[in-house]
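A.B. asks: The sequence isn't on hand, but the structure is:
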């Protein structure tokens with residue numbers, strides 16, 4: 001395994017990252033303007049390998065925050081792609097992960113595409129997806145990669161994995177960790193606090209963003225029409241997952257917005273008293 005030049009002492013404080021979602025290929029160089037305390041999570045397929053090679057050397061240099069990768073998702077469908085091709089596509093970012101001392105690698109809990117409404121069909125698809133995730137998690141472990149499974153919501157008829165089924169997924173896939181996407185959880189009618197309570201240390205990351213409870217807008221925290229209960233969310237973070245990383249996954253945000261929201265989270269965490 002290639003030794004990373006970006007290895008650093010792990011911080012014990014709350015960790016924060018910014019998703020590259022706000023930095024499409026034409027503006028991906030903006031990642032280097034992020035506060036150095038904030039890590040970077042890249043949507044791997046949203047820029048070319050050459051672009052990542054060029055940008056990340058500079059963006060990650062002397063950065064205190066850590067690096068993570070969101071797996072390919074449009075051409076690597078965990079539900080419907082050919083399994084060998086799926087594994088091949090998902091494995092492409094491994095070298096980049098190691099080069100920048102990756103913290104975790106994010107995989108959706110279902111593929112982008114058709115989710116059946118018939119419960120027998122849904123159960124069959126869940127079994128298929130679970131087996132594929134389990135296979136890939138074992139590959140990740142052998143490659144020294146921490147795999148986290150993200151909950152997903154794609155509209156009607158609702159998420160393939162209900163709240164309870166998502167929690168149970170980690171019994172079936174013991175080598176994987178969890179990442180809760182807060183916006184998806186709201187749309188999928190998850191009780192985020194109960195998921196935090198159930199998974200505890202297995203839950204090592206979040207995608208934090210807000211919405212109106214109907215559409216997946218990826219707004220900043222405490223957006224004007226947002227519905228997320230951020231005080232309760234932060235209580236669950238502090239009580240059950242204090243070592244987790246908060247990845248701010250916003251569609252429209254500037255580098256300074258991430259610093260502002262990190263400091264908002266810090267103030268909320270400080271004000272919480274756990275009895």
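C.D. replies: Good, I have the coordinates. This one's a predicted model, so the numbers in the text were calculated from it and none came from an experiment.

A.B. asks: Residue 17 contacts residue 66, correct?
C.D. replies: Yes - counting by C-beta atoms under 8 Å, residue 17 sits close enough to residue 66 to count as a contact (6.7 Å). (C-beta placed from N, C-alpha, C; glycine too.)

A.B. asks: Any chance you could list residues touching both of the two?
C.D. replies: 39, 245 (C-beta atoms under 8 Å, 6 or more residues apart in numbering).

A.B. asks: which of these two has more neighbours?
C.D. replies: Comparing residue 17 with residue 66 by other C-beta atoms under 10 Å, the one with more neighbours is residue 17, at 26 against 23.

A.B. asks: Confirm the more buried one sits in a helix?
C.D. replies: No - going by DSSP: H, G, I helix; E, B strand; the rest coil, the assignment for residue 17 is strand, not a helix.

A.B. asks: Where do the helices of the stretch 1-150 of the chain begin and end?
C.D. replies: Per DSSP state H, counting those that start in this stretch, the stretch 1-150 of the chain carries helices over the ranges 49-59, 83-91, 94-99, 119-142.

A.B. asks: How far away from the center of its chain is the third one?
C.D. replies: Which is helix 94-99. 17 Å (C-alpha atoms, centre = their mean, to the nearest Å).

A.B. asks: Run through the neighbouring helices and strands of that helix.
C.D. replies: Applying 3 or more C-beta pairs under 8 Å, 6 or more residues apart in numbering; DSSP states H and E, one finds that helix 94-99 contacts helix 49-59, strand 67-70.

A.B. asks: Lowest average confidence across these, which one?
C.D. replies: When the helices and strands packed on helix 94-99 are compared by mean pLDDT, helix 49-59 comes last with a mean of 93.

A.B. asks: Tell me how many other residues surround residue 37.
C.D. replies: Applying other C-beta under 10 Å, we find 16 other residues in the vicinity of residue 37.

A.B. asks: May I have the predicted confidence score for it?
C.D. replies: With respect to pLDDT, residue 37 has a value of 98.

A.B. asks: What sits closest to it if chain neighbours are left out?
C.D. replies: Excluding the flanking residues, the one nearest residue 37 by C-beta to C-beta, 6 or more residues apart in numbering is residue 64, at 5.0 Å.

A.B. asks: again with residue 232
C.D. replies: residue 193 (5.6 Å).

A.B. asks: got a list of what the one you found touches?
C.D. replies: Counting by C-beta under 8 Å, 6+ apart, residue 193 has contacts 232, 233, 235, 236.

A.B. asks: Give the helix, strand or coil label for the last one.
C.D. replies: Here residue 236 is recorded as helix under three-state DSSP.

A.B. asks: That one is in contact with residue 197, isn't it?
C.D. replies: Yes - with contact defined as C-beta under 8 Å, residue 236 counts as touching residue 197 (7.0 Å).

A.B. asks: which one of those two has more residues nearby?
C.D. replies: Higher neighbour count among residue 236 and residue 197: residue 236, with 22 against 15, using other C-beta under 10 Å.

A.B. asks: Quick check: the residue nearest to residue 37 touching residue 34?
C.D. replies: No - counting by C-beta under 8 Å, residue 64 stays clear of residue 34, with 10.8 Å between them.

A.B. asks: out of those two, which sits in the more crowded spot?
C.D. replies: The neighbour comparison of residue 64 against residue 34 (other C-beta under 10 Å) goes to residue 34, with 22 against 14.
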